[in-house]
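>>> the following comprises the amino acid sequence and a computationally predicted model.
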4 protein chains.
Amino acid sequence: MQESELDEAGRISFRVRYAETDQMGRAYHAWYLVWCEMGRSALLRDCGVSYAQLEKQGVFMPVRRAEVRYERPVRYDEVVDVRTSVLRRSPSRLVFVSEITNERGETAARGEVELAVTDASGKITRLPAEIMAALGAAGGEGEEP
Amino acid sequence: MQESELDEAGRISFRVRYAETDQMGRAYHAWYLVWCEMGRSALLRDCGVSYAQLEKQGVFMPVRRAEVRYERPVRYDEVVDVRTSVLRRSPSRLVFVSEITNERGETAARGEVELAVTDASGKITRLPAEIMAALGAAGGEGEEP
Amino acid sequence: MQESELDEAGRISFRVRYAETDQMGRAYHAWYLVWCEMGRSALLRDCGVSYAQLEKQGVFMPVRRAEVRYERPVRYDEVVDVRTSVLRRSPSRLVFVSEITNERGETAARGEVELAVTDASGKITRLPAEIMAALGAAGGEGEEP
Amino acid sequence: MQESELDEAGRISFRVRYAETDQMGRAYHAWYLVWCEMGRSALLRDCGVSYAQLEKQGVFMPVRRAEVRYERPVRYDEVVDVRTSVLRRSPSRLVFVSEITNERGETAARGEVELAVTDASGKITRLPAEIMAALGAAGGEGEEP
């Protein structure tokens, strides 16, 4: 991956769907978790990892903890930007952070999501070494012991 | 099943969630398909059939066609009533109809959903005979040839 | 608008979100209605009409009828293409059709959605003449009497 | 309200919808925020407060922060129980906590959601005194200064 592409790794932008609004006239708060998930999928893809493929190999990444801090509402049809990076990583636990900005580039929200690494039965397992290596490019404090 | 219970087979009621509203101040139209699905699950359950169990046995019922006609909006926190019955049935195809009424008992919408019966790979298969028999109590024009 | 741009009016493509999958391992059927809505928003935008702006002017377009025919499932992370056009139009009623194709260009589903044109109170009204004119470029059988 | 009813204030139970599952075969994590919202609506209602009515009076309660810790997955058709109470309250800020349990009574997740109190324009305002008083019965550390 080129440096310039790396800068954009884990960055997506999309328009807020009408379906995502609520009667307060803003995007409903639960959708932000979906946007964070889209950001994680994109980041993995940009690192050369297909989460769809991982699941086919028997590696699953269920959410253990999710937190969102909301600063500014976003509206229908507004173009939202989500930048996702790895905050912390170990072979059996990953923490991602997503910065969500509105059309004017202002912070709309910040989400932090912790994932476990499990097999199909839900038992904790370890990420394959090549995936850990690929994720190294996505930031984070480095590998936990 | 007692006659009086049969009258209520496939009937559910629930409150419209805030998450289901849109900025027009009403329940967003796509949620009605989810409500129809809840109605089908309830109807099957009332007929002694667990759809969750069916899937474990390798029988799946993907949607082939769905149509909703909307007559009156429903609002956040309103108690909505969904009455579902079988409109047509054959061992490999089922058509369900759901009448959605608002808090005042007025028709809000009517949904018609056609399901195929498939195996895990998506290949058309046939509903087990005991399921067909159980569904007989749920209405419908009778078994198609 | 240039001819070549017109060809692409009302065309969007996006990846299926993990949130949109169900335990059958495919996109859940109700999301297709959301995708059709995204298609309509895009078509209007491509015709120079902002639906967000329309609502600010007091013009609303609630759904009256929606129908989707499902042909092939789509999967998580698959790039889906939605092409939307106007099937029929009158100042107080619009019918849109959306063709949804999968990553291999095969038809996944076809949705048809009829919208009413109302004021904020839900009373039927008429689309402003300039909006009707703009929509003329989006196809359809021509203006109904 | 009777003592025995108070015990059940803010308690709801419902079945996991098929729409809420994902391809991992469990309820998708973002829905838990919707369930917490349903719990808050129910708690307010049980305290004699209609959130729908509050909005009509110009009082809105947008989410400022939401956190969910997931312990056990829940499955399609499983009956989920949500018990919600007020953790902290002041006239312009409320923190609710929701305990989500599965069909066997085990903890599935715990959500904590902080709401601001605003007017229609999004400006911070104060909850009417009678609402604060009504919420007193819903628990919490007591009124913040």
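Arrived safely, thanks for sending.

>>> which residues are in contact with the longest strand belonging to chain A?
In chain A, assigned by DSSP state E, the strand with the most residues is strand A:79-90. Here strand A:79-90 makes contact (CB atoms under 8 Å, 6 or more residues apart in numbering or on different chains) with A:10-16, A:27, A:35-36, A:38-40, A:42-43, A:74, A:94-103, A:105, A:108, A:112, A:132, A:135, A:138-145. Any C-beta I mention is one placed from the backbone N, CA and C, and that applies to glycine too.

>>> relative to the whole chain's centre, how far out is that strand?
Relative to the centre of its chain, strand A:79-90 is centred 5 Å away, using CA atoms, centre = their mean, to the nearest Å.

>>> secondary structure element holding A:Gly39?
helix A:31-46 (DSSP states H and E).

>>> close to chain D, is that helix?
Yes: judged by CB under 8 Å from any CB of the partner chain, helix A:31-46 and chain D are in contact via A:Trp31, A:Leu33, A:Val34, A:Glu37.

>>> by neighbours, which of the residues you listed wins?
Greatest neighbour count in the residues of helix A:31-46 next to chain D, by other CB atoms under 10 Å in any protein chain shown, goes to A:Glu37: 27 neighbours.

>>> tell me how far the closest residue to it other than its chain neighbours lies from chain B.
Spatial nearest neighbour of A:Glu37, chain neighbours left out: C:Tyr18 (5.4 Å); criterion: CB to CB, 6 or more residues apart in numbering or on different chains. Separation of C:Tyr18 from chain B (CB to the nearest CB, to the nearest Å): 18 Å.

>>> run a quick neighbour tally on C:Tyr18.
23.

>>> got it, and A:Asp119?
For A:Asp119, using other CB under 10 Å, the count is 12.

>>> for chain A, list the residue farthest from the centre, please.
A:Gln23 (26.9 Å; CA atoms, centre = their mean).

>>> can you give me the pLDDT of that residue?
The score at A:Gln23 is 97. That number is its pLDDT.

>>> run through the residues that contact it.
If you count contacts by CB under 8 Å, 6+ apart, then A:Gln23 has B:Tyr18, B:Thr21, B:Asp22, B:Gln23, B:Met24, B:Gly25, B:Arg26, B:Tyr76, D:Glu55 around it.

>>> ok, of these, which come out buried?
By neighbour count, with 16 or more other CB atoms under 10 Å in any protein chain shown, these hold B:Tyr18, B:Thr21, B:Asp22, B:Gln23, B:Met24, B:Gly25, B:Arg26, B:Tyr76, D:Glu55 as buried.

>>> so which residues of chain A form strands?
Counting by DSSP E, the strands of chain A are A:11-15, A:63-70, A:79-90, A:93-101, A:107-116.

>>> for A:Met61, give me its contacts.
Here A:Met61 is in contact with A:Tyr51, A:Leu54, A:Leu94, A:Leu115, A:Ala116, A:Val117, A:Thr118 (CB under 8 Å, 6+ apart).

>>> ignore the last one, A:Leu135
Counted by CB under 8 Å, 6+ apart, A:Leu135 has contacts A:Leu44, A:Cys47, A:Val49, A:Val86, A:Arg89, A:Leu94, A:Leu127.

>>> the residue nearest to A:Glu71 when sequence neighbours are not counted pairs with what?
Spatial nearest neighbour of A:Glu71, chain neighbours left out: A:Thr107 (5.2 Å); criterion: CB to CB, 6+ apart. Counting by DSSP bridges, A:Thr107 forms beta bridges with A:Thr101.

>>> any idea how many residues pack against A:Thr107?
13.

>>> for A:Ser121, same thing?
8.

>>> so what does it look like in phi/psi?
phi -90, psi 0 (degrees, to the nearest 10).

>>> can you check A:Arg72 too?
phi -140, psi 140.

>>> elements contacting the helix holding A:Gly39?
On a contact count with 3 or more CB pairs under 8 Å, 6 or more residues apart in numbering or on different chains; DSSP states H and E, helix A:31-46 meets strand A:11-15, helix A:51-56, strand A:63-70, strand A:79-90, strand A:93-101, strand A:107-116.

>>> let's see 6 Å
Applying 3 or more CB pairs under 6 Å, 6 or more residues apart in numbering or on different chains; DSSP states H and E, one finds that helix A:31-46 makes contact with strand A:79-90, strand A:93-101, strand A:107-116.

>>> what angle sits between it and strand D:63-70?
Relative orientation of helix A:31-46 and strand D:63-70, computed by axes from the mean of the first three to the mean of the last three CA atoms, to 10 degrees: 60 degrees.

>>> measure how helix A:31-46 sits relative to strand A:93-101, angle-wise.
Going by the same axes, to 10 degrees, helix A:31-46 makes 110 degrees with strand A:93-101.

>>> tell me which parts of chain A are close to chain B?
In this structure, chain A approaches chain B at residues A:Ala19, A:Thr21, A:Asp22, A:Gln23, A:Gly25, A:Tyr28, judged by CB under 6 Å from any CB of the partner chain.

>>> rerun that using 7 Å as the cut-off
Taking CB under 7 Å from any CB of the partner chain as the contact definition, chain A meets chain B at A:Tyr18, A:Ala19, A:Thr21, A:Asp22, A:Gln23, A:Gly25, A:Tyr28, A:Ala30, A:Tyr76.
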